[in-house]
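J.: fold the following.
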Amino acid sequence: MANKQAYTIKQGEALAKQYCVEQERCQKEVFSKLISWGMNFDEADQVIASLISEGFINEQRYAKIYAKSKFNQNKWGRIKIRYSLKQKGISDNCIETGLKEIDQKDYNKLCKALALKKLNSLRAEKILSKKQKTIAFLNSKGFEFEVINNILEEILNE
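T.: You can find the predicted model right below:
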């Protein structure tokens, strides 16, 4: 097994800055990376504090970017985004700020598009079965039941 190189605080800070410049990162990701680089918890905490004070790490900015990208690229609903951000140790306040970045009209439009695609992919089934499978699919994507229900009512009444 190869020995891990242990970095000094200055070296760790320089590497962590580069790591944060490449892509927006949250504290938990940077902390894990610092530990994997052989730094101890106290040193990693010092580096994190320095990065926060210099603006390399900003949880609110991270939550906004994360929410927008997961919504636009992965087509996730608010529930799934909230859960994922919670897993990354983001505060509730920052999560709510991030979720506000998602426009309600765009949110409903995406939910409707996904619902139509799912309904059209289900062949020769009874409408109740199609509806249940579509609800389960949209629920797994992280959309709220109330939104799903309203969208399905709108689609089925057209």
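
J.: okay, domains of this protein per the record?
T.: The chain breaks down by automatic domain parsing into domains covering 9-53, 59-99, 104-156.

J.: for the first one, what is the average pLDDT?
T.: Mean pLDDT, taken over the full extent of domain 9-53, equals 94.

J.: check the offset of it from the chain's centre.
T.: 21 Å (Cα atoms, centre = their mean, to the nearest Å).

J.: what's the answer for the last one, then?
T.: Distance, stretch centre to chain centre, for domain 104-156: 21 Å (Cα atoms, centre = their mean).

J.: that older thread, could I get the domains of the chain as CSV with mean neighbour count?
T.: C-beta: built from backbone N, CA, C; applies to glycine. What follows is the domains of the chain, written out as CSV (neighbours: other Cβ atoms under 10 Å):
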stretch, mean neighbour count
domain 9-53, 16
domain 59-99, 17
domain 104-156, 15
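
J.: how about the residue lying farthest from the centre of the chain, secondary structure?
T.: Ranking residues of the chain by C-alpha distance from their mean position (Cα atoms, centre = their mean) puts residue 124 at the top, at 35.6 Å. Three-state call for residue 124 (DSSP: H, G, I helix; E, B strand; the rest coil): coil.
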